[in-house]
Every structure is written in C-alpha cells, then in structure tokens.
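> sequence unknown, structure follows:
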C-alpha cells in the first residue's frame, strides 16, 4: 500500500518509537507486555509530541470499543479483522473527506 510500517514488541518500545518517529497513524493492540495498550494510549495522548496522532485499537474484545473511545482512541476494529477494513479505517482517519466515497 506504499506505507512504512514499524512494529514494537511491547508497549514501552511502541511509545518510544511513536515519540521518536511521529507516525501518521498508530495501530494499537491492547494486550501487550510491559505497558498495555490502555496505558500506552494514555501516555501518547498526554504527550504534546504525539497527542494528535490518530490511534486505532485492534482488539479481540469487541466490548472494548466504548472504553477505547473514552481512552482517546480514534478508531476501533475487532479481531479478526480483514486487512481491507484496517486500510479503510486508516484512510478515513487520515483523510476524513474521503468518507463520502464510502456512503
């Protein structure tokens, strides 16, 4: 899709990478070692360097949708998730005007 993708093996490394690289969007798992997705999201949304980066939660727990929104996440997808749905969510967050194309 023409994207540069960076992965982190745990939440602490993910937060550090996001602060250093300032990605266009973050896809966040909630179940991560050392720093879970809730804590990582809170830290990213509190930091001036990363607070405006959209965060999409990808979770196997569909009931987490409201909690994710309350925590500051910008999108939510339940696992398993088709790659096309993730790509659509990313495009909609990065270019909200494109939402009209899908209605």
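Structure received. Quick caveat: nothing in here was measured; it's all calculated off a predicted structure. Numbers count the residues shown, from 1 in each chain.

> Can you spell out which helices and strands pack onto the lowest-mean-pLDDT helix or strand in the chain?
Ranking every helix and strand in the chain by mean pLDDT, DSSP states H and E puts helix 65-70 at the bottom, with a mean of 81. Packing partners of helix 65-70 (3 or more CB pairs under 8 Å, 6 or more residues apart in numbering; DSSP states H and E): strand 75-78. In short, each C-beta sits where N, CA and C put it, glycine included.

> run the last query once more with 10 Å
helix 37-46, strand 55-59, strand 75-78 (3 or more CB pairs under 10 Å, 6 or more residues apart in numbering; DSSP states H and E).

> just these: most buried one?
strand 55-59 (a mean of 22; mean count of other CB atoms under 10 Å).

> That one pairs with which strands, parallel or anti?
Counting by DSSP bridges, the strands paired with strand 55-59 are strand 26-29 (parallel), strand 75-78 (parallel).

> Which residues does it contact?
Outside strand 55-59, the residues that touch it by CB atoms under 10 Å, 6 or more residues apart in numbering are 18, 25-31, 37-38, 40-41, 44-45, 64-65, 67-69, 71-81, 86, 89-90, 92-93.

> switch to 7 Å and redo it
25-30, 37, 41, 44, 64, 68, 73-79, 81, 89-90, 93 (CB atoms under 7 Å, 6 or more residues apart in numbering).

> Likewise for stretch 67-83?
In contact with stretch 67-83 (CB under 7 Å, 6+ apart) are residues 28, 38, 41-42, 45, 54-60, 62, 65, 85-86, 89, 93.

> so where's the chain shaky on pLDDT?
98-103 (pLDDT under 70).

> One more pass at 80, please.
1, 61-65, 96-103 (pLDDT under 80).

> before we move on, the earlier item: tell me the buried residues in the least confident helix or strand of the chain?
65, 68 (16 or more other CB atoms under 10 Å).
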